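Student: pasted the sequence and its predicted model underneath.
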Amino acid sequence: MMENAAPVQVWLVERMFAEDKSNLIVLVYATTDGQRYTMKEHAITGNAETRRTTAAVEVDPDDLDPVGDETLQNQYATEATRMANVHDPDDPI
């Protein structure tokens, strides 16, 4: 992480099964402007605490990737903003 770089809050915008591993769920979190995102993988099996999915997470800015597709940017911005308006960051989803 860059020195003095504050974590960035990102919101859950998409959830899907991993294509190559049937026991993984891929969670996509994005910024409310839809410009950047990160992905997390959770095993379907295991204890509930390690699988806990929240409405938002804070991530290192270096862990965010740009969203290159304008349609996807708009989709992520819409969903991230909706999540931010109806959920607290720690709400279980």
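Tutor: Received, thanks.

Student: contacts only, for residue 59.
Tutor: The contact partners of residue 59, by CB atoms under 8 Å, 6 or more residues apart in numbering, come to 7, 8, 10, 29, 38. In this view, the C-beta of every residue, glycine as well, is placed from N, C-alpha and C.

Student: go with 10 Å
Tutor: Residue 59 sits next to 1, 7, 8, 9, 10, 29, 31, 36, 37, 38, 40 when contact means CB atoms under 10 Å, 6 or more residues apart in numbering.

Student: repeat for residue 72
Tutor: Applying CB under 10 Å, 6+ apart, the residues near residue 72 are 13, 14, 28, 30, 34, 37.

Student: so the most centrally placed residue in the chain is in which element?
Tutor: By CA atoms, centre = their mean, the chain has its centre lying nearest to residue 29, at 1.4 Å. Under the criterion of DSSP states H and E, residue 29 resides in strand 24-30.

Student: could I get the average pLDDT for that strand?
Tutor: On average, the pLDDT along strand 24-30 is 94.

Student: counting by contacts, list what that strand packs against.
Tutor: Counting contacts by 3 or more CB pairs under 10 Å, 6 or more residues apart in numbering; DSSP states H and E, strand 24-30 packs against strand 8-17, strand 36-43, strand 56-59, helix 70-86.

Student: please tell me how far residue 41 sits from residue 78.
Tutor: 24 Å (CB to CB, to the nearest Å).

Student: thinking again about what came up before, tell me which of the helices and strands packed on strand 24-30 lies nearest to residue 23.
Tutor: Minimum separation from residue 23 across these (CB to CB) falls at strand 36-43, 5.8 Å.

Student: alpha carbons of that closest one, as CSV, please.
Tutor: The C-alpha trace of strand 36-43 is given here as CSV (Å, rounded to 0.1, in the frame of the first residue of the first chain):
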residue,chain,number,x,y,z
ARG,A,36,-12.7,0.6,-9.9
TYR,A,37,-13.4,-2.9,-8.5
THR,A,38,-11.9,-5.8,-6.6
MET,A,39,-12.8,-9.5,-6.5
LYS,A,40,-12.9,-11.8,-3.5
GLU,A,41,-13.4,-15.6,-3.5
HIS,A,42,-15.2,-17.5,-0.8
ALA,A,43,-15.4,-21.2,-0.4
